[in-house]
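> Fold the following, please.
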Amino acid sequence: MERIWGMSKKELLARALDWTGMNLLARNTPVWNGLVVLNYHRIGDKQNSLFDHDLWSASAEDFEQQLRFLTLNFDLIRIQDLDHIWKSPRGRYVLITFDDGYLDNYEWAFPLLRAYNSPATFFLTTGFLDERKIAWWDEISWMVRSSSQSNLKLAPWSEQEFSLEPAQQSQTIKLLLQIYKGLSGEQTEDFMTALADATGTGRCPAETADRVWMDWDMIREMSEAGMDIGGHTVNHPILANHPEETQKFEVQHCKQRIETELNQSITAFSYPVGAQNSFDHLTRNCLEESGYRWGFSYYGGYSPLGEHDPWDLPRIAIESENPASLFRSSVSFPQVFSQKKVYTNTDTDPATSAE
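So this is what the prediction gives:
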């Protein structure tokens, strides 16, 4: 998006709406009716982490401010409410979601959600919780940020030479993630091995994952406190890049694992990466056959009342670098600030990382 004086056009418009009071007017006037789904990943401070910085959606302070804004101005709902809202003649509903299962969801987000009596849905990648392994996007970031080399060559995966200098590391990580997301399922492990060799770091130590993910006791505590739990596959593959057999395993086993641990059924699933090319008709069929009722994507947009696709409910990416005015405008004017965009697995927006 074109940027003016360091800000995008949307950021400038969002600030103007704040300055003129139009955001406040919009919150008090029914300028839209429907469902806005907000998607978070990590909460906290990213500055000293070797993992993918783009996964941090907000600091704890910013998340609390966002929660305060949402609880004062909109109806926050749970997954079970999706059955009813489409029949409502009016209403501005917001569903808060988190993907993957990061530990900071429990340590930072959960106490704030409980303090504001706000529900949220946590979509879990069960293999990360069970096997305590590093996610592929975080491992790519770890290899780049841990390397002692100044540049990187990765033929035959790319003819480009990548800079590993500190000032260029974030851009290099984005480019490597684009390559990964364009690979077929059988190529991904070879790519990771090649990257580990090329950076000279080896693979990320497995014990690092113990400090990254929630455990099942935490998940049960959140569920008992009124948080909803959903599926996000076992291993977080880009489902459309895999054959039907693999998709079925990822979708079905994830659901079975969560239901076993919680002793209750789940009905909602979010697609890894969530771009339009990240899931296909086979994925939708897998969800329906497995007993899911809702599938959530991740390429922007909102759902007007009476108009929804249960297997493609759009979500808005919440990103830490976006100003508070843009957050407020995204929910106050979703028809302007949350429009669906056409993204593929290798595009850099709305998120250049895992989702």
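
> Could you pick out the longest strand of the protein?
strand 92-100 (DSSP state E).

> Mind listing the strands it pairs with, and their directions?
strand 34-40 (parallel), strand 75-76 (parallel), strand 121-124 (parallel) (DSSP bridges).

> Could you identify which of those is most buried?
Highest mean neighbour count among these (mean count of other C-beta atoms under 10 Å): strand 121-124, with a mean of 26. To be clear about C-beta, it is placed using only N, CA and C from the backbone, and glycine gets the same treatment.

> What average pLDDT does it get?
Averaging pLDDT along strand 121-124 gives 98.

> what's the following helix or strand after the longest strand of the chain?
helix 103-104 (DSSP states H and E).

> Skip ahead from that following helix and say which helix or strand is next.
That would be, after helix 103-104 and using DSSP H and E, helix 110-115.

> which other helices and strands contact that following helix?
When contacts are defined as 3 or more C-beta pairs under 8 Å, 6 or more residues apart in numbering; DSSP states H and E, helix 110-115 sits against helix 60-73.

> What's the mean pLDDT across the helix it packs on?
96.

> for stretch 303-314, what is the average pLDDT?
For stretch 303-314, the per-residue pLDDT averages 93.

> right, I mislabeled it, should have said stretch 235-250
The model assigns stretch 235-250 a mean pLDDT of 97.

> what comes into contact with stretch 201-211?
Contacts to stretch 201-211, defined as C-beta atoms under 8 Å, 6 or more residues apart in numbering, come from residues 103, 128, 132-134, 138-139, 142-143, 146-147, 192-193, 196.

> Just the ones of these in helices?
Members of the contacts of stretch 201-211 lying in helices (criterion: DSSP state H): 103, 128, 138-139, 142-143, 146, 192-193, 196.

> Show me which pair in the residues you listed is furthest apart.
Using C-beta to C-beta, the ones in helices among the contacts of stretch 201-211 span at most 27.1 Å, a distance reached by Leu103 and Thr193.

> Show me which of the two is the more surrounded one.
Leu103 (16 against 12; other C-beta atoms under 10 Å).

> Using CSV, list the CA coordinates for the longest strand of the chain.
Output of strand 92-100 as CSV, limited to C-alpha atoms (Å, rounded to 0.1, in the frame of the first residue of the first chain):
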residue,chain,number,x,y,z
ARG,A,92,-22.7,-5.2,15.7
TYR,A,93,-21.0,-8.3,16.9
VAL,A,94,-17.3,-8.9,17.5
LEU,A,95,-15.6,-12.3,18.0
ILE,A,96,-12.0,-12.3,19.4
THR,A,97,-9.8,-15.2,18.3
PHE,A,98,-6.3,-16.4,18.9
ASP,A,99,-4.3,-18.9,16.7
ASP,A,100,-1.7,-21.5,17.5
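
> what does the domain assignment say about the chain?
31-134+206-337, 147-199 (automatic domain parsing).

> which one of the ones you listed is the most hemmed in?
Using mean count of other C-beta under 10 Å, domain 31-134+206-337 ranks as the most buried of those, with a mean of 19.

> first to last residue in that one, what's the distance?
13 Å (C-alpha to C-alpha, to the nearest Å).

> how long is stretch 156-168 end to end?
Using C-alpha to C-alpha, first and last residues of stretch 156-168 are 22 Å apart.

> one step back: from the chain's centroid, how far away is the longest strand of the chain?
10 Å (C-alpha atoms, centre = their mean, to the nearest Å).

> same deal with stretch 285-301?
15 Å.

> Would you mind extracting the C-alpha trace of that stretch into CSV?
Provided in CSV are the C-alpha atoms of stretch 285-301 (Å, rounded to 0.1, in the frame of the first residue of the first chain):
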residue,chain,number,x,y,z
ASN,A,285,-15.4,-31.3,2.9
CYS,A,286,-12.9,-32.5,5.6
LEU,A,287,-14.3,-30.0,8.0
GLU,A,288,-17.9,-30.9,7.3
GLU,A,289,-17.2,-34.6,7.5
SER,A,290,-15.3,-34.2,10.8
GLY,A,291,-18.3,-32.5,12.5
TYR,A,292,-17.1,-28.9,12.3
ARG,A,293,-19.7,-26.2,11.6
TRP,A,294,-17.5,-23.1,11.1
GLY,A,295,-14.3,-22.4,9.2
PHE,A,296,-12.4,-19.1,9.6
SER,A,297,-10.1,-17.6,7.0
TYR,A,298,-7.6,-14.8,7.4
TYR,A,299,-7.6,-12.3,4.5
GLY,A,300,-9.7,-9.5,5.7
GLY,A,301,-13.4,-8.6,5.5
